[in-house]
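Novice: no sequence on this one, just coordinates:
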């Protein structure tokens, strides 16, 4: 009887456990925004106003790798040149299948202004990498950190780009 009760309890526990089966998307891209506005008093994109440009500034094939531990994208030469040509505080969106995963603001390390309320983008030395940081010159505690969003990671893993 005890054995039956033990087996029944073990089965219930095993069946009640959920796995995060996140479906991978097809593409990961980075877009500029055609319309955007910051939230009053913060360096943060208002998602209610933001709309994506028609085409991505960094296309799926131009994302070569993503380093999960340090939140870095390795980009093609062409895409890296485009990123370096952008002005400080340029708003961007990281998307999977044209659905925004998170918004970010370009804040190169030479910038003298701060942006503590958003994920920020910085160039990494002379290589073809960009780093997605929590804030620039510090970070607020209320940033919704989606840099390693499960769908984003599943899509990159499915493409063999996740490191």
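Specialist: Thanks, I have it. Keep in mind that this is a model prediction, so the values were computed, not measured.
Novice: is the closest residue to residue 53 other than its chain neighbours in a bridge, and if so with what?
Specialist: With CB to CB, 6 or more residues apart in numbering as the criterion, residue 53 has its nearest non-adjacent residue at 4.7 Å, and that residue is residue 32. Using the backbone N, CA and C atoms, a C-beta is placed for each residue, glycine as well. Here residue 32 sits in beta bridges with residue 92, going by DSSP bridges.
Novice: Distance check, residue 32 against residue 163.
Specialist: Per CB to CB, to the nearest Å, residue 32 is found 26 Å from residue 163.
Novice: Looking at these two, which is more packed in?
Specialist: Using other CB atoms under 10 Å, the more surrounded residue of residue 32 and residue 163 is residue 32, with 19 against 13.
Novice: Show me the helices in this protein, by range?
Specialist: Along the chain, the stretches classed as helices by DSSP state H are 2-16, 77-84, 150-158.
Novice: Give the buried residues for the last one.
Specialist: For helix 150-158, burial by neighbour count (16 or more other CB atoms under 10 Å) applies to 151, 152, 153, 154, 155, 156.
Novice: nearest spatial neighbour of the second one, skipping sequence neighbours?
Specialist: Counting by CB to CB, 6+ apart, residue 152 lies nearest to residue 101, which is 5.1 Å off, once chain neighbours are set aside.
Novice: my guess is that neighbour contacts residue 94, does it?
Specialist: Yes - applying CB atoms under 8 Å, one finds residue 101 in contact with residue 94, separated by 5.1 Å.
Novice: intersection of neighbour lists for the two?
Specialist: Shared contacts of residue 101 and residue 94, defined by CB atoms under 8 Å, 6 or more residues apart in numbering, are found at residue 152.
Novice: Would you mark the buried spots in stretch 71-80?
Specialist: For stretch 71-80, burial by neighbour count (16+ other CB under 10 Å) applies to 71, 72, 73, 74, 75, 79, 80.
Novice: how far away is the residue most central in space within the chain from residue 69?
Specialist: With distances taken as CA atoms, centre = their mean, residue 147 lies nearest the centre of the chain, 3.7 Å away. For residue 147, the distance to residue 69 equals 11 Å [CB to CB].
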